[in-house]
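S.K.: The following block contains a protein sequence and its predicted model.
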Amino acid sequence: MKKIINEPGRFVEEFMEGILLAYGDRVQCLDPEKRVLVRKQTAPKGKVGIVTAGGSGHLPVFLGYVGEGLLDGCTVGNVFASPSANKMADTIKACDFGSGVLCLFGNYGGDRMNLELACETVEFEGIKTRKVLVKDDVASSPKESADKRRGVAGLVYAYKIAGAAAAAMKSLDAVADLTQKALDNTRSMGVALSACIVPEVGKATFHVGENQIEVGMGIHGEPGIEVHEMMSADQVAQTLLDKIVADMPLAKGDEVSVMINGLGATPLEELLIVYRKVALLLQDKGISIYMPHIGEFATSMEMAGLSLTVLKLDAELKELLRAPASTPFYTNHNK
């Protein structure tokens with residue numbers, strides 16, 4: 001293992017300290033273990049709180065979206081591991097501003113179990129919650145069992161829609177329903193060229209051959225659906241878009257937002273080459289793109305590869321997507 005770290009067991013603690021030293025004017029931790037991160041600015045009374053949680057190793061997801069117009073708080077776990085229910089409950093309580101809290105999570109077993117316990121705990125204390133699970137990864141389960149799908153980069157669009165709806169002072173039910181509407185119109189799929197290394201494990205979590213590419217690989221190293229000889233950027237774009245459109249048909253005149261997300265070790269130039277082909281393919285179908293997102297939004301340590309996410313828009317979702325948002329890792333104030 002070759003990483004620029006100190007003690008593997010202090011990986012999470014030390015990068016959290018780095019975030020606080022760099023961005024302490026915008027975010028703060030509420031616990032000495034540095035696992036509960038919240039906005040530093042006080043939210044308006046009566047605003048719905050938006051929280052998430054998940055394992056480390058995916059920055060900017062999850063904690064990188066704590067800030068204006070996005071999340072109010074995030075519970076941080078060890079690398080690729082769910083945080084505890086107690087810490088989740090602490091985050092929910094810290095982000096209750098009087099109108100309840102939306103808990104917005106990826107569809108992973110540990111996160112689901114601990115989330116249920118956390119919500120039960122805070123509801124005994126009079127805090128109302130709603131839960132929305134992100135299940136955008138079309139590779140992880142067929143359409144007839146879509147409830148089993150994993151949450152991947154579609155989380156970012158969910159955070160953006162939920163955060164904007166809450167900032168507009170909509171009710172908890174309205175925020176949850178709008179977020180679910182966005183997720184019903186979001187699909188993702190990725191490809192991996194190489195594995196990642198969990199610091200405390202010290203070796204690759206899986207293997208991709210030197211001249212191979214795996215389609216549908218999960219962000220924790222979950223197996224994909226196909227292994228191919230290495231493809232060109234245009235072939236990658238075509239493969240991913242075809243699978244997404246087969247699951248969520250698009251028609252001439254539709255408007256979408258497209259995210260080309262790097263998984264940690266793929267240069268921005270390569271992401272842009274893939275975006276180029278996706279944009280041309282959609283243009284040929286008579287589909288327009290609004291607010292493309294190209295960069296690293298949901299990573300997997302140093303995994304090489306990328307994912308494509310498509311969010312089908314209507315006027316309501318478009319307005320929420322373009323609403324102002326700013327965190328240390330995401331801003332669209334110039335959109």
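M.R.: Happy to help now that I have it. Just so it is clear, the structure is predicted and the values come from calculations on it, not from any experiment.
S.K.: residues touching the residue nearest to the spatial centre of the chain, list them.
M.R.: Central residue of the chain (CA atoms, centre = their mean): L155, 3.2 Å from the mean position. By CB atoms under 8 Å, 6 or more residues apart in numbering, the contact list for L155 reads T52, V61, F62, L104, G106, V134, D136, A298. (C-beta placed from N, C-alpha, C; glycine too.)
S.K.: with the residues you listed in mind, which one is nearest to E123?
M.R.: Ranked by distance to E123 (CB to CB), the contacts of L155 are led by L104 at 16.9 Å.
S.K.: returning to what we had before: and which of the contacts of L155 is nearest L71?
M.R.: Out of those, the member with the shortest distance to L71 (by CB to CB) is T52, at 5.8 Å.
S.K.: you'd agree that closest one is in a strand?
M.R.: Yes: checked against DSSP: H, G, I helix; E, B strand; the rest coil, T52 lies within a strand.
S.K.: In this structure it contacts C74, no?
M.R.: Yes: here T52 reaches C74: they are 5.2 Å apart, a contact under CB atoms under 8 Å.
S.K.: State the distance from Y23 to D314.
M.R.: 34 Å (CB to CB, to the nearest Å).
S.K.: swap that for D234, sorry
M.R.: 30 Å.
S.K.: Same drill for these two, tell me which one is more crowded.
M.R.: D234 (15 against 12; other CB atoms under 10 Å).
S.K.: Do you know the pLDDT at the more buried one?
M.R.: With respect to pLDDT, D234 has a value of 98.
S.K.: those strands in the stretch 51-200 of the chain, which residues are they?
M.R.: For the stretch 51-200 of the chain, the strands defined by DSSP state E, counting those that start in this stretch occupy 73-79, 101-106, 129-134, 186-192.
S.K.: neighbouring contacts of the last one?
M.R.: To tie it back to what came earlier, the one meant is strand 186-192. Here strand 186-192 has contacts from 136-139, 152-154, 157-158, 208, 213-217, 219, 224, 231, 236, 239-240, 243-244, 247-248, 259, 261, 263, 303-312, using CB under 8 Å, 6+ apart.
S.K.: Inside helices: which ones of those residues?
M.R.: Taking DSSP state H as the definition of helices, the contacts of strand 186-192 contribute G154, Y157, A158, V236, T239, L240, K243, I244, D247.
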